[in-house]
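Chemist: Turn this into a structure:
(chains A, B and C)
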Amino acid sequence: MTAMTKLKGLATVAGFAATLFVGGATVASAEDITLTMAVPDWPPTRIMKKMFDEQYKPASGNKVTLDVDFIPWPDFYTRVNASLTSGEQKYNFAVSDSQWLGAFVEGGYFRKVNDLIDADPELKATMEQMHPAVVAAYSTYPHKTPNYYGFPQFPDVIVTYGRKDVLCNDEEQAAFKAKFNAKLPCTGEEIDDMDWDMFEKIGQFFMRKKGDKLAGQVLDDDFYGIAYQAGKGYDFSSMQINGFIWQYGGNTWDETQIPTGQAEGVVNSEAAVKALDHYLRLIQYMPPVAKTGTMDIFKSDELFREGKVAMNLDWIGLGEASLDPKSSKVSDKLVFGLMPGLRGADGKIIRWSNIGGQPFVLTTWTTDAQIKEAMGFVKWWLSPEIQHQFAAGGGQSAIKSVYEDPKYVTYRPWNRAWAASLDWQKDVWHVPQFFELLTQQQDQFDLAITGKQDAKTTLDNIAKFQQNLLKEAGLIQ
Amino acid sequence: MTSTTVPAAPPAFTAFSPDNWRLALIAGIVISAVAIAALPSGVAFWITGIMMALVAIAATMNAVRRRYYGGLLVAPAIAVLFVMNIFPLLWSLGLSFFAYQSNQQTIRFVGLNNYIKVLTNDLAAKDNWAALTNTAMFVVFTVAAQMVIGFLLALLFSKQFPLRKYLLILVLTPMMLSVVAAGVFFTYYYDPTFGILSYIMREMTGEQFILMDNKAGAVAGIVFADAWMWSPFVMLLVLAGLVSVPKYLYEAAAIDRVSGWRQFRTITFPYIRGLLMLALLFRTIEAFKIADLVILLTKGGNDTMTISYHLIRIANEQNKTSEGAAISYLMLFMVIVLTNLYLYLANRRTQGN
Amino acid sequence: MVDKVSIWEALGFRKASGVGEAGWGYTLIVAIVSFIYFIPVLMIIFMAIKPQDVALSVPPTLSPTSLFGLIPDAYVFSPTLENFTSVFSRSMTAGGAPEDTGFDRYFFNSIVIATVSVMLALVIGTLAAFGFSRYPLKGNDTYLFIILTTRMLPAIVVIIPVILMFRVAGLSGSYIGIILLYTAFNLAFTIWMMKSFFDELSLDVEDAARIDGSSEIKVFFKICLPQVVAGLAATFVFGLILTWNEFLFALLLSGTDTRTVPVAMNQAVSSGGRGTDWTLLAAIETLFLIPVFLVTFFLQNHLLRGVTFGTVKR
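Modeler: Numbering: from 1, shown residues only, chains lettered A, B, ... in the order given. Here you go, the predicted model:
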């Protein structure tokens, strides 16, 4: 600590040298209250800012400004991380991926909000209305303990995107029936009941070459059955693979079991190996870019929008673009359903999936006056009326009274899958070491996806690395 | 440099004069140290600043009175570089001897442990060495490609011909692109479904073509994009050398019937050697830092991880600041050795002629 | 001397004469090579004028015109300027009305920051280069090498101290901070380039002037500087190209008001809740290319006459 202080003293000196050239600094206005917020630049945050500017009236009567720093998604973590860890103390609010919680809570950047929730019965009631899976993933650290940090900004799940025009085509329906003696899922309800075997069959069935026929028309380019994320970047394979592993009864390293929960033996359990094998097997029915390890959530979405695949599994958050005829060739042919699951021995589908989406979080250097206004804003944001507006404008809500309202499913075609999906969402680790765990895991999964090593070796490597790292960090005894 | 008057003698150490920079420096350090130790940081900040200004004024006065023109001219550049570049570099050098993660509030001195870990730890070191080998490979391939292509392009443009000016700017354009945009567009050109490359290959062979699904292809893809962007830089430097060769030398050579190769070696080459060296120096330094294209094109997949991308992961994503600093200083050491080798060889050749 | 330059001559149509001059046949060869080299850029420019729905069509559309039936229809797209308008104004929410994207500001920022910092680096760096060349200090080469080492490490290494320094000095998000940083960023290259130019100059003229009683300042401004104008132009262009496209410092140190185009450009890489918006990205890049393209074009003659210096000494 002292060495750090000295270094900071040095920085002071050098910083001064810089001001010598400059001769001044900017001074914030003291009259009004400004809340500075770091958010990724995309419609759910743009809408929030717009709604705030147009509608928000602070109860306190102060003039509150929401100064939103829209940062392009690809650089969002880099920017927020650098700002927080350098001690820049620039933001009062930050949208944070749920995985980041531990790293920034332990660092002392994210403010615990239990006292604020307890002080406000209305807010407390709202929090209780929130779906528990969302609260666990977005708010709690350590995971699933009653220590709250965040509020949902945009909650998200993976759903199935389908193309009605090929799935419901009579010729294709008949051919599928003849080949597999099963009905090709066509409606949302049929897709809801789809398991991985059916998904695989669809993949196999719709592999077509240039010149073949698809739904009665001659193809001018290759066509592929299915797509899901299989990319090396960020979490663009783990988010899908985790679902498989949980459905097979395997597990990722469980942070709620600290310090007795192990990585070795759990992460590379037989069930997990089977699950990963299953995940890898489906890749042969996907567009060729999957073989390069760069088929991330954006690429599979792009292939779907360009009409190159029959079905795609992707986040709801990417849905708007597929509805827009300017960016989507399939905008009028869409059908949505639940993400597939694994059919158990009893014929019921076992479902688990990894939750996506982001909470927003208060930072520790936010002043009392700012916190007061910030909480006013949060309450306004989570109020049913505003949440309805947000959902109507393309957002999602995790508040029970909102998403159970019959109006909710009419906002967007994928909303029919929303409420049902929430019940089986889990999340990856929130420990400060998450990025190391994630990077190594993604690297290993990439080797498996590009065919350089088998599922067993991959999971063994991951388990060994996690065991080692977490033991060193004191999280495994 | 000749001077007509004799410069004034340096002032005695204890003399209280505006050009006694030594006294000013000592006083500045003592007062600043006391201020930092005793006063709140906001006040200490300004006091330290005033002291630094005083020292600077004294040093300047001293330089003017003693005619240290060299020092005077160089000082502003050194000052800016020191504050914006060298000081942060020294800071991170310091951090490399501590166990420090930027997202945690603890720090402790560990001596050379970070360096030892980076080089020998059986979990961390393997990745570092792999990334280093790949970086060396990229340096060799990209720099070699840039030098060759740049050189050939320069030869092509060394003659006077109609419309030269307009064709030259076409070739110069790639280096003006933003690396991010260029990289993103190369992912499109290489894309197996939408890309032009796979389309052409398929029209020609009838087979599906995926460039980036193996190491050779991935490396080729990255090297091509990088070489394409930066060959114009080499070209421009070489071209400048080529056009500066006095024409009478060639005319004389033509009369003496000197062979083309010998003409190149004895007349042309001496004029471009220095420029080639400068191009090589700057391109090698840049090539060691290659990360953007790798991130955009492969994310380090197919064994294309480079040390600089690895560093971004460690120092930024994972916040392992001091470990990152250790890696970067090892990297700096290697680049310094290499550039010194270049410069040594360049100078030896020069003297040899 | 002919005092009137015909339009043909201005365009480069000159009669071939003397050693090293070639004719139209040679032009054709170079034109083919240059065109091939230019194709990836051309495809970005074409992408910028494509309608959004054919951006990723297979087969790729390659030309806005069929060139009188030379190119089959499958490869031809109908050009549009829509993408350029949407750089500055488009809907940022699902189905919302078009709004100001702030790109006019980002372009302004990029121009101001790059121009000022490169000019500043040129002034400071030229002075230093002159110092290093004419009044060698003790350990001159060591200083020069240390200056070079500032370019050797990836920016990520120094970023944390720099952010902290900026906060303490109140420079975060200001023009001055980022300009000073870019000045430092450009100094190494500027000093090395300009020193090489000064080293090349003949000392005889300077010494003669000194003997005639000219002051050192006069020698520098009246004798040395005019001889390296071309070098200044070359260094300016190289510095501009590097600064213009710098990304990491801009990302981490610019505020919402001082954001530059390379940072904002990533809006189009992950655009509106989807992946790359190809036509938008291409439109931004094309617009972003124009200023530096024009500067390079008009300084091109200097670039060729300018970058001439001796060997690198250590």
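Chemist: Would you confirm that B:Phe87 contacts C:Pro161?
Modeler: Yes - contact criterion C-beta atoms under 8 Å: B:Phe87 and C:Pro161 qualify, at 7.2 Å. Heads up, the C-betas are built off the backbone N, CA and C, glycines and all.
Chemist: Of the two, which one has the most company?
Modeler: The neighbour count for B:Phe87 versus C:Pro161, taken as other C-beta atoms under 10 Å in any protein chain shown, is higher for C:Pro161 (24 against 21).
Chemist: Just list the residues touching that one, thanks.
Modeler: The contact partners of C:Pro161, taken as C-beta atoms under 8 Å, 6 or more residues apart in numbering or on different chains, are A:Ala11, B:Phe87, B:Pro88, B:Trp91, B:Ser92.
Chemist: low-scoring stretches of the chain, by residue?
Modeler: Here I'm looking at chain A. Within chain A, the stretches with pLDDT under 70 are A:1-31.
Chemist: oops, chain C please
Modeler: C:1-21, C:305-314.
Chemist: Strands of that one, residue ranges please.
Modeler: Using DSSP state E, the strands of chain C run over C:89-91, C:98-100.
Chemist: Need the contact partners of the first one.
Modeler: Right, the one you point to is strand C:89-91. C:Ala97, C:Pro98, C:Glu99, C:Asp100, C:Thr101, C:Leu280.
Chemist: what about the nearest residue in space to C:Gly231 that is not next to it in sequence, neighbour count?
Modeler: Spatially, and ignoring its direct neighbours in sequence, C:Gly231 is nearest to C:Phe197 (3.8 Å; C-beta to C-beta, 6 or more residues apart in numbering or on different chains). The tally of other residues near C:Phe197 (other C-beta under 10 Å) stands at 26.
Chemist: thinking again about what came up before, could you dump the strands of chain C to CSV with mean neighbour count?
Modeler: Formatted as CSV, these follow (neighbours: other C-beta atoms under 10 Å in any protein chain shown):
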stretch, mean neighbour count
strand C:89-91, 17
strand C:98-100, 12
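Chemist: Which one, of those, ends up nearest to A:Thr366?
Modeler: Evaluated over these, closeness to A:Thr366 peaks at strand C:98-100, with 28.5 Å, by C-beta to C-beta.
Chemist: List the neighbouring strands of the closest one plus their orientation.
Modeler: Strand C:98-100 has the following strand partners under DSSP bridges: strand C:89-91 (antiparallel).
Chemist: returning to what we had before: looking at the contacts of strand C:89-91, which is nearest chain B?
Modeler: Within these, the smallest distance to chain B is 11.2 Å, found for C:Leu280 (C-beta to the nearest C-beta).
Chemist: Could you measure from A:Lys308 over to chain B?
Modeler: As defined by C-beta to the nearest C-beta, to the nearest Å, A:Lys308 lies at a distance of 6 Å from chain B.
Chemist: Is it correct that that residue is in contact with A:Gly225?
Modeler: No - A:Lys308 is beyond contact range of A:Gly225, at 10.4 Å (criterion: C-beta under 8 Å).
Chemist: which intervals of the stretch 101-250 of chain B have sub-threshold pLDDT?
Modeler: In the stretch 101-250 of chain B (pLDDT under 70), no residue qualifies.
Chemist: Could you find the closest non-adjacent residue to B:Asp213?
Modeler: Here the residue nearest B:Asp213, using C-beta to C-beta, 6+ apart, is A:Lys291, at 4.4 Å.
Chemist: ok, the one you found to A:Tyr224 distance?
Modeler: 12 Å (C-beta to C-beta, to the nearest Å).
Chemist: rewinding a little: now the contacts of strand C:89-91 as a markdown table including distance to B:Gly150?
Modeler: A markdown table is the format used below for those (distance: C-beta to C-beta, whole Å):
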| residue | distance to B:Gly150 |
| --- | --- |
| C:Ala97 | 49 |
| C:Pro98 | 44 |
| C:Glu99 | 45 |
| C:Asp100 | 42 |
| C:Thr101 | 37 |
| C:Leu280 | 32 |
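Chemist: follow-up on the earlier one: which ones among the contacts of C:Pro161 map onto helices?
Modeler: Secondary structure assignment by DSSP state H places A:Ala11, B:Phe87, B:Pro88, B:Trp91, B:Ser92 of these in helices.
Chemist: Quick check: closest non-adjacent residue to the last one.
Modeler: Across the structure, with C-beta to C-beta, 6+ apart as the measure, the residue nearest B:Ser92 apart from its sequence neighbours is B:Ala325 (4.4 Å).
Chemist: before we move on, what about B:Glu207?
Modeler: Using C-beta to C-beta, 6+ apart, the nearest residue to B:Glu207 is B:Met201, at 7.6 Å.
Chemist: now do C:Asp73
Modeler: In space, C:Asp73 is closest to C:Ser66, 6.7 Å off (C-beta to C-beta, 6+ apart).
Chemist: so B:Ala59 sits in a strand?
Modeler: No - secondary structure of B:Ala59 (DSSP: H, G, I helix; E, B strand; the rest coil): helix, not part of a strand.
Chemist: thinking again about what came up before, hmm, C:Val228 and the residue nearest to C:Gly231 touching each other?
Modeler: Yes - C:Phe197 is within contact range of C:Val228, at 4.5 Å (criterion: C-beta under 8 Å).
Chemist: ok, B:Ala35 - how many residues close by?
Modeler: 20.
Chemist: Quickly note the distance from it to chain C.
Modeler: Taking C-beta to the nearest C-beta, one finds B:Ala35 at 15 Å from chain C.
Chemist: burial count for A:Arg129?
Modeler: Quick fix: residue A:129 is Gln, not Arg. As a measure of burial, A:Gln129 has 15 neighbours, counting by other C-beta under 10 Å.
Chemist: now the one 4 residues further on
Modeler: Around A:Ala133 sit 19 other residues, with neighbours defined as other C-beta under 10 Å.
Chemist: and if you look at A:Phe236?
Modeler: 24.
Chemist: Nearest residue to it in space, please, no chain neighbours.
Modeler: A:Asp296 is the one closest to A:Phe236 (C-beta to C-beta, 6+ apart), at 3.9 Å.
Chemist: Enumerate every residue touching that neighbour.
Modeler: A:Asp296 touches A:Gln229, A:Gly231, A:Gly233, A:Tyr234, A:Phe236, C:Gly275, counting by C-beta under 8 Å, 6+ apart.
Chemist: try it again with 7 Å
Modeler: Residues near A:Asp296 by C-beta atoms under 7 Å, 6 or more residues apart in numbering or on different chains: A:Gln229, A:Gly231, A:Gly233, A:Phe236.
Chemist: wouldn't the third one be in contact with B:Thr298 here?
Modeler: No - counting by C-beta atoms under 7 Å, A:Gly233 stays clear of B:Thr298, with 9.8 Å between them.
Chemist: Compare those two (neighbour count), which wins?
Modeler: Neighbour comparison, A:Gly233 and B:Thr298: the larger count goes to B:Thr298, with 28 against 22 (by other C-beta under 10 Å).
Chemist: and that one, what pLDDT?
Modeler: Per-residue pLDDT puts B:Thr298 at 93.
Chemist: What of B:Thr350?
Modeler: pLDDT, B:Thr350: 61.
Chemist: Then the one 3 residues further on?
Modeler: The model reports B:Asn353 with a pLDDT of 44.
Chemist: measure the closest residue to chain C within the stretch 101-250 of chain A to chain B for me?
Modeler: Closest contact between the stretch 101-250 of chain A and chain C, by C-beta to the nearest C-beta, is at A:Asp221 (4.4 Å). With distances taken as C-beta to the nearest C-beta, A:Asp221 is found 8 Å from chain B.
Chemist: I figured that residue was touching C:Val58, is that so?
Modeler: Yes - checked against C-beta under 7 Å, the pair A:Asp221 and C:Val58 is within contact range at 4.4 Å.
Chemist: what does the stretch 1-150 of chain C put close to chain B?
Modeler: C:12-14, C:19-24, C:26-27, C:30-31, C:33-34, C:37-38, C:40-41, C:44, C:56, C:58-60, C:124-125, C:127-128, C:130-132, C:134-137, C:147, C:149-150 (C-beta under 7 Å from any C-beta of the partner chain).
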